[in-house]
Structure formats: structure tokens, C-alpha cells
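Enquirer: Predicted model and sequence follow; I will ask about them next.
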Amino acid sequence: GQQVMQIPQYQHVQEGEDFTTYCNSSTTLSNIQWYKQRPGGHPVFLIQLVKSGEVKKQKRLTFQFGEAKKNSSLHITATQTTDVGTYFCAGQNSGGSNYKLTFGKGTLLTVNP
Amino acid sequence: DTGVSQNPRHKITKRGQNVTFRCDPISEHNRLYWYRQTLGQGPEFLTYFQNEAQLEKSRLLSDRFSAERPKGSFSTLEIQRTEQGDSAMYLCASSSPTSGAFREQYFGPGTRLTVT
């Protein structure tokens, strides 16, 4: 079955440093979604990428979808303490009625003020 | 829009007992999903409904697990004869019929199950 791998598993940074998490799928995806889960919270949708090579920005966050639609990355510029949490990528395939998301294990980001 | 709600938030049960969780999706969301999340892992897909029809079930969903969405609104997830390995956070999510083929999912706060 489809597998989604994320690295690194953990990342600790000083406030102001940049952060990047990488996501790789074993299969070609129709789209990829990114979610953030704060400690003790539930996943919250951040963004969806659909097109090959797509790049989207949300303030200090930059999301990329690979040309082959098998990998993605999330880059945070100048981290802040509010960025703390686990960032998950989740891949989705189309076809039939299959709209389930396959999540990676996530990258836990901690930020030292 | 009050968001996805789940009840109870916490459940402690003894091994062998049956438990039932409830999820109320965002109103008018026709798709509803159940996931299980253990510590240090991402949510794992269990099953999903489009309206009242259960369209897919994961192999993770053993015959002790059953889910229903009788009127296409709220859903229940029941676990029979609970085992310690069932201890996890059970998350419910819903998605809108109006946001395109690939839809973001809105998660509820989850039900944390502890089997002793």
C-alpha cells in the first residue's frame, strides 16, 4: 500500500532560524496536504498542493510539490515560538471513491526562545 | 459553524469491555472520516463515509470495530472486546462537498481511549 515518509522526525531550532521538513511518497500522488498539530491538539489543515512543481506561500511558510508528484517540502523562515508543533504531510490518491489521506509520521518542531 | 465535535473526550475502560464513540461533523459536510493516532505517529485511516454510505474500511479495522452513520449526519465508532493495543486517540474528520475533488479535512478534538 501507499507509504508516506517524513524526515526529520524531530527538529529543534533557535528562534529565528529556518526549518524544513521533507515528505516522500512511495506512489505518485494526486495531491498532498499539510497539517499542523500543536501539542495536545488535533491536526489543523494548512494547505493543499495539486499541481506538479507547485509552490505556495503562507507568510513565512513555503510549500513545494515535486515535479513527479511524489515528494513535498515545507520550509519555515525565521521560526517563532508559535510555530511549535508537529507538521504532517498527507498524500491523497484519486480514482474511484478513494479519498483517504495517508499521513506521514510527522516532524516535531521545537523552538528555543 | 461549530467545528467537528467528539464525545467523550476521554474514555478509560477495562480490557474486554465494549466502547462507543460519537462524532458530529460540521453541518452539511457529506464526508466523514475516522482515524486512529498513537504517540509519535501520524493519523492512520480507519474508515470513511460519504453521506450514510461507508465507502472504505482499512485493514486496521478488525472485526471488533464497526462504524455507522445512519442518517448521514453524526457517526459512531464501536470497539467490541477492547484490547490494550486499542489504546489510542481516535480522531474524526469531515470534509465539505463544495471545495472540489480534493478536499481539506477538518478534525475534531479526538477521543482518547485507554484500555487497562
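Expert: Alright, I've got the coordinates.
Enquirer: Residues contacting the lowest-mean-pLDDT helix or strand in chain A, please?
Expert: Counting by mean pLDDT, DSSP states H and E, chain A has its least confident helix or strand at strand A:101-103, which shows a mean of 92. With contacts defined as C-beta atoms under 8 Å, 6 or more residues apart in numbering or on different chains, strand A:101-103 is touched by A:1-4, A:25, A:33, A:35, A:88-92, B:33, B:35, B:42-45, B:105. In this view, the C-beta of every residue, glycine as well, is placed from N, C-alpha and C.
Enquirer: Adjacent strands (with direction) for it?
Expert: strand A:85-92 (antiparallel) (DSSP bridges).
Enquirer: send the alpha carbons of the strand it pairs with over as PDB?
Expert: Presented in PDB, the C-alpha positions along strand A:85-92 are these (Å, rounded to 0.1, in the frame of the first residue of the first chain):
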ATOM      1  CA  GLY A  85       4.100  21.600  16.900                       C
ATOM      2  CA  THR A  86       4.200  18.500  14.700                       C
ATOM      3  CA  TYR A  87       3.900  19.100  10.900                       C
ATOM      4  CA  PHE A  88       2.300  16.300   8.900                       C
ATOM      5  CA  CYS A  89       2.200  15.800   5.200                       C
ATOM      6  CA  ALA A  90      -0.700  13.600   3.900                       C
ATOM      7  CA  GLY A  91      -1.000  12.200   0.500                       C
ATOM      8  CA  GLN A  92      -4.200  11.500  -1.400                       C
END
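Enquirer: Touching, residue B:23 and residue B:92? I think so.
Expert: Yes: using C-beta atoms under 8 Å, residue B:23 is in contact with residue B:92, at 3.4 Å.
Enquirer: Quick check: neighbours shared by the two?
Expert: Contact with both residue B:23 and residue B:92 is made by residues B:4, B:6, B:32, B:34, B:75, B:77, B:108, according to C-beta under 8 Å, 6+ apart.
Enquirer: Selecting buried members of the contacts of strand A:101-103 in PyMOL, what would you type?
Expert: To isolate the buried ones among the contacts of strand A:101-103 in PyMOL, judged by 16 or more other C-beta atoms under 10 Å in any protein chain shown, type:
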select buried, (chain A and resi 4+25+33+35+88+89+90+91+92) or (chain B and resi 33+35+42+43+44+45+105)
